[in-house]
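Asker: Sequence plus the predicted model coming up.
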Amino acid sequence: MKKTIITVTGKDTVGIIARVCNYLAENNVNIEDISQTILQGFFHMMMITDASRSEKNTAELAEELKNIGEEIGVKIHCQREDIFDMMHRI
Amino acid sequence: MINIFEAKETNQMIENENLDVRTITLGISLLDCIDSNLDKLNQKIYDKITTTARNLVQTGKDIEAEYGIPIVNKRISVTPIALIGGAACKTPEDFATIAVTLDRAAKEVGVNFLGGYSALVSKGMTKADELLIRSIPIALAKTDFVCSSINVGSTKTGINMDAVKLMGEIVRSTAEATKDNQCMGCAKLVIFCNAPDDNPFMAGAFHGVTESDAIINVGVSGPGVVKYALSKVRGENFEVLCETIKKTAFKITRVGQLVAQEASRRMGVPFGIIDLSLAPTPAIGDSVADILEEIGLESVGAPGTTAALALLNDQVKKGGVMASSYVGGLSGAFIPVSEDQGMINAVNRGALTIEKLEAMTCVCSVGLDMIAIPGDTRSTTISGIIADEMAIGMINQKTTAVRLIPAIGKKEGDVLEFGGLLGSAPIMPVNKYSCDAFINRTGRIPAPVHSFKN
């Protein structure tokens, strides 16, 4: 099953991961891997998730996560894994 | 598995460096619509386009949302209309009714351009070809989204100079017919040598007769991404420079390949080709001129410009062909003036002339593109410029094109404002000396000796 990649970038603040994880749990999206780092003063997080049991499709998840990002002042992207695989793996 | 830095790099390309898929173009064959009754013909064309392309725009939007990559344009190309309308159309006005039908169909399915109001006359013109060409000024004045292209020469056939002469007149009359709208008609009219059958980019897209019933062609873009990558290797030698362009072109093209495969699968239409062109837009940071300046020129147009462009064009292809299973279309760097803020700046500072642009077209696709010239330029002079560009294509066995906009009522120093992706065009001076006697000879220029390969 193809994974869904969720990336969060922005100014570090309390509760970013909690907020995103709560949303994913509510929507039956399983988190398989989380990595995070601070780059050039900005918070970066990437989650590899399995959204195959979610009732929402990738586009809907992406739209709602984007809105959550706007509420807490960070940028959240939710994209299918293929775009990264195509670009970075031969 | 993908790591956080790779994810960051991809998203930074999309967000900050204008990486996008420039167009998904659905090619549709209209050969099965041919009818000797004009009303029936128009109805069949409308039905075929609106049926085949009904999901095109939505499919594009879905892919955009799921992968997070902008797909700027969704477009359609059709079989050259001179072939389709020949049996039914007895006058230029008859042909113009087909243009109106195409425009209506384009609006119905929600695309922003439809190409293929075209004739292929590289050796000779049929009656239908000539009627279609003569209908172009009215057709482009009456429609918003229809694009027209005429192939007047090829390496195999030589150059049809009768068609070149006629096109000089048609370019002028198209400008006259749309003079109240920034002479916009001419922005939708291209004259080609060696036109490809599978080009997804406008205004020159048409669905060649060698193609299947329907096909998906994708044009990728990303001048901003290349520029950003090169800004990190300033001062390095040519090996590093070329390697950087190749790697970047590979990554950009892979995204195009993914989008093309997905669009093809979802629409149930075969995948045709990826066009590897670097296509600029008027947006800041999305400029081919900026790349050339990043390579080391104070301004585009400076000595070294042609060499830098040749290098860029070749490395983009070398990186891109590895990334896609089928490459086609125009595949090279585009150098339109009005659609590239860096080119506009170069013209305004007096660094870039039509003559230098002509030299640049020898080493890249496509040709003299989106160049506004003074409104009093004679039609024979326009034909002369077309003939020069066609000769470059014919001799070098490459596609070349001309998209000139005579700015009716305006002169050098004025500006035409098209808006959107077409940008704004400063009016450039044209050599004042006449080529009337050359253009007024009739017939064609024979094919060059190196075309006889059998």
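Answerer: Everything's here; your move.
Asker: drop to CA atoms for contacts and neighbour counts, all remaining ones
Answerer: OK.
Asker: Just name whatever secondary elements the strand or helix carrying A:I38 is in contact with.
Answerer: Secondary structure assignment for A:I38, by DSSP states H and E: strand A:30-39. Contacts defined by 3 or more CA pairs under 8 Å, 6 or more residues apart in numbering or on different chains; DSSP states H and E place strand A:30-39 against strand A:42-50.
Asker: Could you point out the longest helix of the chain?
Answerer: Just so you know, I chose chain A. As assigned by DSSP state H, the longest helix anywhere in chain A is helix A:58-72.
Asker: could you do chain B instead?
Answerer: Chain B, longest helix under DSSP H: helix B:238-267.
Asker: That helix and chain A in contact?
Answerer: Yes: for helix B:238-267 and chain A, the contact criterion (CA under 8 Å from any CA of the partner chain) is met by B:250-252, B:254-255, B:258.
Asker: I'd like to know which of these is nearest to B:G350.
Answerer: B:I252 (32.8 Å; CA to CA).
Asker: mind checking how far the closest one is from B:G224?
Answerer: Distance from B:I252 to B:G224, counting by CA to CA, to the nearest Å: 11 Å.
Asker: any common contacting residues for the two?
Answerer: B:L19 (CA atoms under 8 Å, 6 or more residues apart in numbering or on different chains).
Asker: tally of neighbours for B:K432?
Answerer: 9 (other CA atoms under 10 Å in any protein chain shown).
Asker: separation between it and B:K411?
Answerer: 13 Å.
Asker: same deal with A:M45?
Answerer: From A:M45 across to B:K411, the span is 55 Å (CA to CA).
Asker: When those two are compared, which one has more neighbours?
Answerer: Neighbour totals were compared for A:M45 and B:K411, and A:M45 leads with 22 against 19 (other CA under 10 Å).
Asker: What residues are bridge-paired with that one?
Answerer: A:M45 has the following beta-bridge partners by DSSP bridges: A:V8, A:Q36.
Asker: That one contacts A:L39, correct?
Answerer: No: A:M45 is not in contact with A:L39 according to CA atoms under 8 Å; the separation is 10.3 Å.
Asker: Return the residues of chain A in contact with chain B.
Answerer: Checking chain A against chain B by CA under 8 Å from any CA, the hits are A:7, A:35-36, A:44-46, A:58-59, A:62, A:77-88.
Asker: okay, and for chain A, where does confidence drop off?
Answerer: Applying pLDDT under 70 to chain A flags the ranges A:1.
Asker: what number of residues lie near residue 18?
Answerer: With no chain named, the answer covers chain A. Neighbour count of A:A18, defined by other CA under 10 Å: 10.
Asker: nope, chain B please
Answerer: 23.
Asker: Next: A:L39.
Answerer: Using other CA under 10 Å: A:L39 sits among 11 other residues.
Asker: Right, and chain A sits closest to which residue of the stretch 101-250 of chain B?
Answerer: Using CA to the nearest CA, the closest approach of the stretch 101-250 of chain B to chain A is made by B:F250 at 7.8 Å.
Asker: same thing with the stretch 151-300 of chain B?
Answerer: For the stretch 151-300 of chain B, CA to the nearest CA, closest residue to chain A: B:K251, 4.9 Å.
Asker: what's near enough to touch that residue?
Answerer: A:86-88, B:323.
Asker: Just the local confidence number for it, please.
Answerer: For B:K251, the pLDDT comes out at 93.
Asker: Kindly report the same for B:V337.
Answerer: Model confidence at B:V337 (pLDDT) stands at 94.
Asker: now do B:G285
Answerer: Value listed for B:G285 in the pLDDT field: 84.
Asker: and what of B:V57?
Answerer: Listed pLDDT for B:V57 reads 96.
Asker: about what we covered before: just the buried members of the residues of chain A next to chain B?
Answerer: A:7, A:44-46, A:58-59, A:62, A:77-88 (16 or more other CA atoms under 10 Å in any protein chain shown).
Asker: Could I get the buried residue list for the host helix or strand of B:T381?
Answerer: Here B:T381 sits within helix B:379-396, counting by DSSP H and E. Of all the residues in helix B:379-396, those buried under the rule 16+ other CA under 10 Å are B:379-387, B:389-395.
Asker: what sits up against that helix?
Answerer: Taking CA under 8 Å, 6+ apart as the rule, helix B:379-396 contacts B:152-156, B:158-159, B:161, B:164-169, B:171-172, B:191-194, B:358, B:362, B:367-368, B:399-402, B:434-436, B:439, B:447-448.
Asker: Apply 7 Å and report the result again.
Answerer: Residues from elsewhere that reach helix B:379-396 (CA atoms under 7 Å, 6 or more residues apart in numbering or on different chains): B:153-155, B:158, B:164-165, B:167-169, B:172, B:193-194, B:362, B:399-402, B:434-436, B:439, B:448.
Asker: Any of those buried? List them.
Answerer: Here, 16+ other CA under 10 Å leaves B:153-155, B:158, B:164-165, B:167-169, B:172, B:193-194, B:362, B:399-402, B:439, B:448 buried among the contacts of helix B:379-396.
Asker: which among these are in contact with chain A?
Answerer: Taking CA under 7 Å from any CA of the partner chain as the test, chain A is in contact with none of these.
Asker: Show me the contacts of helix B:379-396 that map onto helices.
Answerer: B:164-165, B:167-169, B:172, B:436, B:439.
Asker: in the longest helix of chain A, what's buried?
Answerer: A:58-59, A:61-63, A:65-66, A:68-69.
Asker: can you check stretch B:80-99 too?
Answerer: B:80-86, B:88-89, B:92-99.
Asker: overlap between those residues and the residues near chain A?
Answerer: Okay, of these, nothing touches chain A (CA under 7 Å from any CA).
Asker: on that earlier part again, now the two most distant members of the contacts of B:K251.
Answerer: Going by CA to CA, the pair spanning the contacts of B:K251 furthest: A:H88 and B:A323, at 11.1 Å.
Asker: any chance you could map the strands in chain B?
Answerer: B:21-28, B:71-78, B:114-120, B:146-154, B:158-160, B:189-193, B:214-220, B:271-275, B:367-374, B:400-407, B:415-417, B:424-426, B:444-445 (DSSP state E).
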